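Peer 1: Sharing a model prediction with you, sequence too.
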Amino acid sequence: MSASLVCLEQPKSPCLAVVKNRSPEAQGVQFQQTDLWTQLPPFPDTPFPQQLPVVAATKNMPQKPVVKVARITNPQSIALLWNVEEEDPHAADMDCYYIYVTQQHSDGTFSKWKTMGVVKAIPLPMACRVSDHSGGKTLSFILVGKDIYGRYGPYSDVQTVL
């Protein structure tokens, strides 16, 4: 699987319209996500920093990103949009977000999670477009944020496109 990552400064409304699409097909993607959960590989490690500055103790850990994905037909690509449920005013500034992908093989198993990209953080919401070279196979994505102190937050929920 090869793909390229294109990040947008701020999501534009056409992208939001695609990502927020609640068509029966999009709802089917969410339904199948729970069936795939038991087949997915373990998430990559997110090590805690060996040393932290004292000021890090005054800031909350990074928040869990809420990710939405959609397959775009023209140009053929996949859009990822992420935000948080409610912004924590006591959270540390974010440094970057790691995007991981896994692909389902013909026998139903999944490859190990691969780093699709590391995206420098800007104010949320953020969005990326991934060129789609999956050949119609099922792709699953997760995202995790890292703050300026090197602390990782929780992984997003797994999002799957068919």
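Peer 2: Alright, I've got the coordinates. These numbers were taken from a predicted model, which means no experiment stands behind them. Numbers count the residues shown, from 1 in each chain.
Peer 1: How about the contacts made by residue 67?
Peer 2: 80-82, 141-143, 156-157, 159 (CB atoms under 8 Å, 6 or more residues apart in numbering). C-beta: built from backbone N, CA, C; applies to glycine.
Peer 1: Quick check: the gap between the one residue sitting closest to the centre of the chain and residue 53.
Peer 2: With distances taken as CA atoms, centre = their mean, the residue of the chain nearest its centroid is residue 143 (3.2 Å). Noted for residue 143: a distance of 26 Å to residue 53, by CB to CB, to the nearest Å.
Peer 1: how close does the residue lying farthest from the centre of the chain sit to residue 41?
Peer 2: Farthest-out residue of the chain from its mean C-alpha position, per CA atoms, centre = their mean: residue 54, at 29.8 Å. Using CB to CB, residue 54 is found at 37 Å from residue 41.
Peer 1: got it, and residue 57?
Peer 2: Relative to residue 41, and taking CB to CB, residue 57 is found at 34 Å.
Peer 1: Compare neighbour counts for the two and give me the winner.
Peer 2: Neighbour tally, residue 57 and residue 41, criterion other CB atoms under 10 Å: the higher count belongs to residue 41, 13 against 8.
Peer 1: contacting residues around the more buried one?
Peer 2: Here residue 41 is in contact with 102, 110-113 (CB under 8 Å, 6+ apart).
Peer 1: Now that we have those residues, which of them are buried?
Peer 2: Among the contacts of residue 41, the ones that count as buried by 16 or more other CB atoms under 10 Å are 102, 110, 113.
Peer 1: Do me a favour and get the end-to-end distance for stretch 43-59?
Peer 2: One end of stretch 43-59 to the other measures 25 Å (CA to CA, to the nearest Å).
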